[in-house]
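Enquirer: next come a sequence and a model predicted from it.
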Amino acid sequence: MYAVIDVETTGLFNKDRIVEIAVAQLDRHGTVTATWETLVNPQRDLGPQELHGIRAADVRKAPTFDQIAGDVAGLLEGRVPVAHNLAFDSRLLAHEYLRLGCEIPNLGHFGVCTMQWADYFLPDAGRSLADCCLAAGIPNDRPHEAMSDVLATAELLTLYLNSMGTVPLWDDRAAGLGEARWPPIPRRATEPVRRGIGASDGGAFLARLVDHIPRVPDPPQADMYLALLDRALVDRHISATEADSLVALASGLGIGRAAAIELHRGYLLSLATAALEDGFLSDAERDDLNRVAALLSLPADDVDAALRVAEKGTAPLLQQTEFRLKRGDTAVLTGAFAESKSFWAKRLEAAGLTVAPNVTKKTALVVAADPDSMSGKASKARQYGIPVVGVDSLDTVLARVATGATQGSGR
């Protein structure tokens, strides 16, 4: 009978994209009979993440809308669509289908908007879903998560149904349902991706490497892998996207887990040697070595071993990496920041960096609201081999720029 729908999006306008969608099917009494939800990869920046709480790491392996369009149509076809602010959800949904060259029925013509009907059933409540739920005594512990909002909306609908007679007040509008024609889009039965499932711990990427190559790779392969590792570690954080890139490169170069461990130990030794260059190891330098070791899945004992070898000065050093970050280098900002972009631009400029609007091959660093950002600038930076760091790790980078210390591994 009913299909309650909710979408989370990158913004409010027609150009914005859906990043999460949930549907609950209900019978005529308002009882939930089936649910379906998935994150959606918008193939762009995720917009105001502080609102919907979705990270790029969550959606990078989620289906794109074209992969679920048939499934969504199948869930809605033949049912009365319901949403809290149906005009918004139906508009963003319609534009997703228009991008595929398909036109769907105008859901507002025969659907039920629980926000509009709140004026009748909850006259003293505000219009937001949170206000309506509060007035009706309906819990919604995870607002702006699509399925949580769908189930809260479904409870509102049930409340409305129970407040009426046997014939719903919107029955005349629902009569137009039979004339609605959905485009014949094949259902792909694409595997949904829910929050927290698509994300992975970037620092645990070593466990994803196959363990079948017992030797350290030849220098060219090692150089390529360590150069990428060096860029990833500039902010002492390995994002999910960087972890994927490291795994893909290692697999392509034939670097297995055992070989990667040896390369990681060599990388750590270079850091230890650089730290002891002045003959003194500070607490901050020791903490940095421990942090890198943890990111590389190396035990704390390896830090002690690297320091012992570095003190003797007898180990062959890895060559210098190409990556350098110094005062005067160019940085680019991308994404929807909680603060203004000018706030972060001033931070970068105060550290001696120049802020530019676009990414070029001369850009040294891209600072993103989300380190796994899928924005055009972040994508171009990765294509050019430019580090992309998140604002949460920016203090680490800026402190090292200010002292001239952000110089890679010493490779």
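Expert: Arrived safely, thanks for sending.
Enquirer: C-alpha only now, for contacts and for neighbours.
Expert: Fine.
Enquirer: show me the contacts for the residue nearest the centre of the chain.
Expert: Centroid-nearest residue in the chain, with CA atoms, centre = their mean: A56, separated by 1.1 Å. Counting by CA atoms under 8 Å, 6 or more residues apart in numbering, A56 makes contact with 45-46, 370-374.
Enquirer: make CSV out of these and add neighbour count, distance to E96 and secondary structure.
Expert: What follows is those, written out as CSV (neighbours: other CA atoms under 10 Å; distance: CA to CA, whole Å; DSSP: H, G, I helix; E, B strand; the rest coil):
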residue, neighbour count, distance to E96, secondary structure
D45, 26, 16, coil
L46, 28, 15, coil
D370, 25, 24, coil
P371, 27, 26, coil
D372, 24, 23, coil
S373, 27, 21, coil
M374, 24, 18, coil
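Enquirer: can you list the residues you listed in JSON lines and add distance to E145?
Expert: What follows is the contacts of A56, written out as JSON lines (distance: CA to CA, whole Å):
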{"residue": "D45", "distance to E145": "18"}
{"residue": "L46", "distance to E145": "14"}
{"residue": "D370", "distance to E145": "19"}
{"residue": "P371", "distance to E145": "22"}
{"residue": "D372", "distance to E145": "20"}
{"residue": "S373", "distance to E145": "20"}
{"residue": "M374", "distance to E145": "21"}
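Enquirer: got the residues you listed as CSV, with pLDDT and distance to P143 columns?
Expert: Formatted as CSV, these follow (pLDDT from 0 to 100; distance: CA to CA, whole Å):
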residue, pLDDT, distance to P143
D45, 94, 21
L46, 95, 17
D370, 95, 21
P371, 94, 24
D372, 94, 24
S373, 95, 23
M374, 95, 24
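Enquirer: out of the residues you listed, who's nearest L268?
Expert: P371 (23.4 Å; CA to CA).
Enquirer: quick check: domain ranges of this structure?
Expert: The chain breaks down by automatic domain parsing into domains covering 2-179, 202-312, 330-402.
Enquirer: how far out from the middle of the chain is the longest one?
Expert: Same thing as domain 2-179. Centre-to-centre, domain 2-179 and its host chain are 22 Å apart (CA atoms, centre = their mean, to the nearest Å).
Enquirer: what does the last one give?
Expert: Chain-centre distance of domain 330-402: 17 Å, with CA atoms, centre = their mean.
Enquirer: test my guess that A310 contacts T273.
Expert: Yes - judged on CA atoms under 8 Å, A310 makes contact with T273 at a distance of 4.9 Å.
Enquirer: looking at this, I255 is in a strand?
Expert: No - counting by DSSP: H, G, I helix; E, B strand; the rest coil, I255 is not part of a strand but coil.
Enquirer: pLDDT value on it, please?
Expert: I255 is assigned a pLDDT of 90 by the prediction.
Enquirer: what do you get for W170?
Expert: W170 carries a pLDDT value of 86.
Enquirer: what's the answer for L317, then?
Expert: The predicted local confidence for L317 is 55.
Enquirer: and the next helix or strand past the helix or strand of the chain with the lowest mean pLDDT?
Expert: Least confident element among the helices and strands of the chain, by mean pLDDT, DSSP states H and E: helix 171-174 (a mean of 77). The element immediately downstream of helix 171-174 (helix or strand, assigned by DSSP states H and E) is helix 219-232.
Enquirer: quick check, R79 in contact with A3.
Expert: Yes - in terms of CA under 8 Å, R79 counts as a neighbour of A3; the distance is 5.8 Å.
Enquirer: ok, the two, which is more surrounded?
Expert: A3 (26 against 21; other CA atoms under 10 Å).
Enquirer: buried set for whichever helix or strand T33 is part of?
Expert: Of the helices and strands defined by DSSP H and E, T33 is found in strand 32-39. Residues 32, 35, 37-39 are the ones in strand 32-39 that count as buried (16 or more other CA atoms under 10 Å).
Enquirer: convert the C-alpha atoms of that strand to CSV, please.
Expert: Extracted in CSV, the C-alpha atoms of strand 32-39 (Å, rounded to 0.1, in the frame of the first residue of the first chain):
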residue,chain,number,x,y,z
VAL,A,32,6.1,-2.2,8.1
THR,A,33,6.4,-5.2,5.9
ALA,A,34,9.9,-4.7,4.3
THR,A,35,12.8,-2.3,4.4
TRP,A,36,15.7,-1.4,2.1
GLU,A,37,18.5,1.1,2.4
THR,A,38,21.9,1.9,0.9
LEU,A,39,24.5,4.6,0.7
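Enquirer: contacts for that strand?
Expert: By CA under 8 Å, 6+ apart, the list of residues contacting strand 32-39 reads 19-27, 58-59, 62-63, 146-147, 154, 192-195.
Enquirer: restricted to strands, list the residues you listed.
Expert: 19-26 (DSSP state E).
Enquirer: these: which two are farthest apart?
Expert: Going by CA to CA, the pair spanning the ones in strands among the contacts of strand 32-39 furthest: V19 and L26, at 23.6 Å.
Enquirer: settle it for me: which of those two has more neighbours?
Expert: Comparing V19 with L26 by other CA under 10 Å, the one with more neighbours is V19, at 28 against 21.
Enquirer: how about that one: what's its closest non-neighbour residue?
Expert: V40 (4.5 Å; CA to CA, 6 or more residues apart in numbering).
Enquirer: need the contact list for the one you found.
Expert: V40 touches 18-21, 59, 62-65, 193, counting by CA under 8 Å, 6+ apart.
Enquirer: in TSV, list the ones in strands among the contacts of strand 32-39 along with pLDDT.
Expert: Converted to TSV, the ones in strands among the contacts of strand 32-39 look like this (pLDDT from 0 to 100):
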residue	pLDDT
V19	98
E20	98
I21	99
A22	99
V23	99
A24	99
Q25	99
L26	98
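Enquirer: which of those are buried, as a PyMOL select command?
Expert: Here is the PyMOL command that selects the buried residues among the ones in strands among the contacts of strand 32-39 (16+ other CA under 10 Å):
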select buried, resi 19+20+21+22+23+24+25+26
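Enquirer: neighbours of R99, just the number please.
Expert: R99: 11 neighbours (other CA under 10 Å).
Enquirer: how close does the closest residue to I197 other than its chain neighbours sit to F205?
Expert: In space, and not counting its chain neighbours, I197 is closest to D58: 7.0 Å by CA to CA, 6+ apart. Separation of D58 from F205 (CA to CA, to the nearest Å): 16 Å.
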